[in-house]
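*Asks:* Build me a model from this:
(chains A and B, ligands or ions: 3)
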Amino acid sequence: MSNITYKPGKEPDPREYRLIFKNVDREGWDTSIETYLNDGGYEDLKKAMAMEPKAITEEVKKSGLRGRGGAGFPTGIKWTFIPPNNTKPVYLICNCDESEPGTFKDRYIVHQDPHQLVEGIVISCFAVGAHVAYIYIREEFPEAAQILEKAIAEARERNFVGANVLGSGFDVEIYVHRGAAAYICGEETGLIESLEGKRAYPRIKPPYFPAALGLYMCPTIVNNVESLCHVKHIIRMGGDEYAKLGVPRNNGTRILCVSGDVKKPGYFEVQVGKITMRELLYDMCGGPKDGREFKAVIPGGSSSKILRCDESFTLRGQGPEGSDKSITFWDIPMDFDSLAACGSMAGSGGVIVLDDSRKMSWVLNNLNQFYAHESCGQCTPCREGSTWMRKISDRIVAGEATPADIELLESVAYQIDGKTICAFGEASSWPVEAIIGKFREELLAETSDSNETVRMSPEGEAQRRYLQKA
Amino acid sequence: MSDSSLESLIASPETPGTKHFPPFAADEALEAEAVKRLAQFPEDRKRSAVLPILHHIQHHHGFLSAAAIEWTAQRVGIEPIKVLEVVTFYPGFRQSAPGKFHIRVCRTLSCAMGGSYELMDQLCELTGIDRASLDPHHHPIAVSPCGTWSVEFAECLASCGTAPVCLVNDDFHEAIAPEKAQALLDQYSSNDH
Ligand SMILES: Cc1cc2nc3c(=O)[nH]c(=O)nc-3n(C[C@H](O)[C@H](O)[C@H](O)COP(=O)(O)O)c2cc1C
Ligand code: SF4
Ligand code: FES
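*Replies:* Ligands and ions are numbered 1, 2, ... in the order given. Prediction:
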């Protein structure tokens, strides 16, 4: 790997550990199969095809890989949920909806290294016994859809896809299926409904856990793009070796996407938990913009609960001999368990950074607009609540709210959270709960026009001009 | 629901952009696409091909007319209302013509912090679109009087690190600060009007 060079200005940070993004921004790299094969591509598929499907799942389990789509569920364990006495066809769906605000990693994989994904999908299909895989890709990735179609066609010509893959007797087809610009299609059961040609109304779990009752009521494995790419590396390295990357229970690498108020936003593939918030934001992203200070961070996609940069946290049982350990915001290791222990989540890896020029009311209003627009409308608390929350935050931003509105907003959020068909309910209410919980004073101050604590940034003013009239 | 209200739901009002798109026609290319997409699903699951067929039609005809919805329904063997409910659910489907160049500006948090609302201001100003008369969200999309341009806010386009970003038809553009609005439009208007 030492002979790899990257495009000028796009070199990885020295603290990165690149598996999935090895070829992103690589000098001389393109999306053709020849380039991929010259780099040792599809060797892991050959290795996998010589294994027993069960043994592949076993390696994935040993690797400790946790899903990179948002929930962090162990991939190998998910695969074993297909009912053992199943006689129906099994489907695999690659979730390339990438629509959680703040997340921009799958974009680079599918645009720059499509064969890595195709290889990961074929190995995974073989492991779970799926003969058909669908890549559900968001409509706003038109170029990527074409790149993937071409990559699949190239892979078929070389018999990595299609009938009797590499003479193994195993058949697999991969189809690219485009969504139509609806966030809820990222939710796995909404995605499945959409793939069935319907509105993307999520299904209730139980009983509709996709691994048992998924696409066409058949067992269906839904995995994120990044998760499926990891499978290929797990086969190459072996599950045990892979598990040595990262920290216990948070294994491997993952791509962190940083956006917002930092000097150098971007993507960074790191060993899970080996980088702290401080290293990420100061060392890798160059710190705050000149003359600014960091204020708050949304650590795992817009749905994850916001953290204040001046907070401290107690990590239960993580100190010496199982004692509690107290850490500041800056010391949080970027892994699933630590972020959960701090009351938020690692989610999709999208880190959105806010500096002291940002008024929390418009941040909240921006997110409320997103969720009000994207609710599928199936359940009342979510449909009505998300619009109601948007309207209240419209009032705050417009300078027309009273202190009672802050309370009302909070109470609406708590009436959605936990009371809906799918996790969108939490996704829409957590930002509200956390922003009010942590910035109550700032929001309250805004409800009296004599006492505005933070001035609106020019960008906030621009957003304010577009407030809905209703 | 009475027939007449269904008709009004399917109606596609003319816009200044209508002239840029050929009216819906069930041509050979569409039939070939339908055959290809239907083959990707089990025999008894033809309905799965609804989204791909609609994408093909919208790509060539600009929007989804009543005739397009009815053809699609007939081709996959379901009621037209079932296609219509798909069309009305997804922000990616339209029932009236956009401009020749349809611009989707990301309005979600990271892009908003990067100035995407100012970018929208600029684009509207330069193309003669009156944003003030419209819903700040997706519907209806706003078409310029000449029919060349239309704008719409989009939600996070998954490139937050290079904010603000937008799509012009199928072309993705990143780091389009508001000052670059004119240069962006020039890329399209110079070679084609
Ligand atoms: C509202 C909502 C939106 C989601 N959006 C995405 C998405 O865009 N991409 C994704 O991979 N997973 C998304 N998920 C998670 C999926 O439901 C699913 O858990 C995931 O694709 C499983 O893959 P993994 O186990 O590899 O993470 C979303 C979940 C919810 C509740
Ligand atoms: S929680 Fe919201 S998005 Fe999920 S099913 Fe209910 S209405 Fe739809
Ligand atoms: S917020 Fe605009 S691309 Fe994500």
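
*Asks:* ok, and does the lengthiest helix in chain A reach over to chain B?
*Replies:* For chain A, the helix with the greatest residue count under DSSP state H is helix A:424-446. No: Helix A:424-446 stays clear of chain B (CB under 8 Å from any CB of the partner chain), getting no nearer than 9.7 Å. Every residue, glycine included, has its C-beta placed from N, CA and C.

*Asks:* on contacts alone, who are the packing partners of that helix?
*Replies:* strand A:294-298, strand A:307-308, helix A:360-374, helix A:380-398, helix A:403-416 (3 or more CB pairs under 8 Å, 6 or more residues apart in numbering or on different chains; DSSP states H and E).

*Asks:* now it, how far from the centre of its chain.
*Replies:* 21 Å (CA atoms, centre = their mean, to the nearest Å).

*Asks:* what's the answer for stretch A:282-300, then?
*Replies:* Centre to centre, stretch against its chain (CA atoms, centre = their mean), the figure for stretch A:282-300 is 21 Å.

*Asks:* just checking, next helix/strand downstream of whichever helix or strand A:Lys150 is part of?
*Replies:* Assessed by DSSP states H and E, A:Lys150 sits inside helix A:142-157. Remark: after helix A:142-157, the chain's next helix or strand is strand A:173-178, criterion DSSP H and E.

*Asks:* helices and strands around that next one, which ones?
*Replies:* Against strand A:173-178 (3+ CB pairs under 8 Å, 6+ apart) you get helix A:114-128, strand A:130-137, helix A:142-157, helix B:50-61.

*Asks:* That strand to strand A:130-137, inter-axis angle?
*Replies:* 20 degrees (axes from the mean of the first three to the mean of the last three CA atoms, to 10 degrees).

*Asks:* pLDDT at A:Arg316, what is it?
*Replies:* According to the prediction, A:Arg316 has pLDDT 84.

*Asks:* By mean pLDDT, point me to the weakest helix or strand of chain B.
*Replies:* Here the helix or strand of chain B ranked lowest by mean pLDDT, DSSP states H and E is helix B:3-10, holding a mean of 65.

*Asks:* packing partners for the next helix or strand along the chain from that helix?
*Replies:* Proceeding C-terminally, helix B:3-10 gives way to helix B:28-38 as the next helix or strand, assigned by DSSP H and E. The elements that helix B:28-38 packs onto, with contact taken as 3+ CB pairs under 8 Å, 6+ apart, are helix B:50-61.

*Asks:* for stretch A:307-319, which positions count as buried?
*Replies:* A:307-309, A:313, A:315, A:318 (16 or more other CB atoms under 10 Å in any protein chain shown).

*Asks:* Make TSV from these and add distance to A:Cys257 to it.
*Replies:* As requested, the buried residues of stretch A:307-319 are exported to TSV (distance: CB to CB, whole Å):
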residue	distance to A:Cys257
A:Leu307	17
A:Arg308	21
A:Cys309	19
A:Phe313	23
A:Leu315	25
A:Gln318	26
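
*Asks:* could I get those residues as JSON lines with distance to ligand 1?
*Replies:* As requested, the buried residues of stretch A:307-319 are exported to JSON lines (distance: CB to the nearest ligand atom, whole Å):
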{"residue": "A:Leu307", "distance to ligand 1": "21"}
{"residue": "A:Arg308", "distance to ligand 1": "25"}
{"residue": "A:Cys309", "distance to ligand 1": "27"}
{"residue": "A:Phe313", "distance to ligand 1": "25"}
{"residue": "A:Leu315", "distance to ligand 1": "24"}
{"residue": "A:Gln318", "distance to ligand 1": "25"}
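
*Asks:* Just give me the closest of the residues you listed to ligand 3.
*Replies:* Closest approach between the buried residues of stretch A:307-319 and ligand 3, by CB to the nearest ligand atom: A:Leu307, at 19.1 Å.

*Asks:* so that closest one touches A:Met345, yeah?
*Replies:* No: judged on CB atoms under 8 Å, A:Leu307 makes no contact with A:Met345 at a distance of 10.7 Å.

*Asks:* what touches both of the two?
*Replies:* When contacts are counted by CB atoms under 8 Å, 6 or more residues apart in numbering or on different chains, A:Leu307 and A:Met345 have A:Pro299 as shared neighbours.

*Asks:* Point out where chain B drops to low pLDDT.
*Replies:* B:1-6, B:133-140, B:190-193 (pLDDT under 70).

*Asks:* In it, what residue lies closest to ligand 1?
*Replies:* For chain B, CB to the nearest ligand atom, closest residue to ligand 1: B:Ala158, 8.5 Å.

*Asks:* looking at this, that residue is in a strand?
*Replies:* No: B:Ala158 sits outside any strand when classified using DSSP: H, G, I helix; E, B strand; the rest coil, being coil.

*Asks:* Out of the helices and strands packed on strand A:173-178, which is closest to ligand 3?
*Replies:* The nearest among the helices and strands packed on strand A:173-178, by CB to the nearest ligand atom, is helix A:142-157 at 14.4 Å.

*Asks:* Secondary structure element holding the residue lying closest to A:Lys205 once chain neighbours are set aside?
*Replies:* Spatially, and ignoring its direct neighbours in sequence, A:Lys205 is nearest to A:Thr189 (7.0 Å; CB to CB, 6 or more residues apart in numbering or on different chains). Element membership for A:Thr189 (DSSP H and E) is helix A:188-195.

*Asks:* can you tell if that helix touches ligand 1?
*Replies:* Yes: counting by CB under 6 Å from any ligand atom, ligand 1 has neighbours in helix A:188-195: A:Glu188.

*Asks:* residue contacts, the residue in the stretch 1-150 of chain A positioned nearest to ligand 3?
*Replies:* Residue nearest to ligand 3 within the stretch 1-150 of chain A (CB to the nearest ligand atom): A:Pro101, separated by 5.4 Å. Residues in contact with A:Pro101 (CB under 8 Å, 6+ apart) are A:301-302, A:350, A:352, A:367, A:370, B:108-110, B:155-156, B:160.

*Asks:* swap the cut-off to 7 Å and go again
*Replies:* A:301-302, A:350, A:370, B:108-109, B:156 (CB atoms under 7 Å, 6 or more residues apart in numbering or on different chains).

*Asks:* distance of it from A:Val363?
*Replies:* 11 Å (CB to CB, to the nearest Å).
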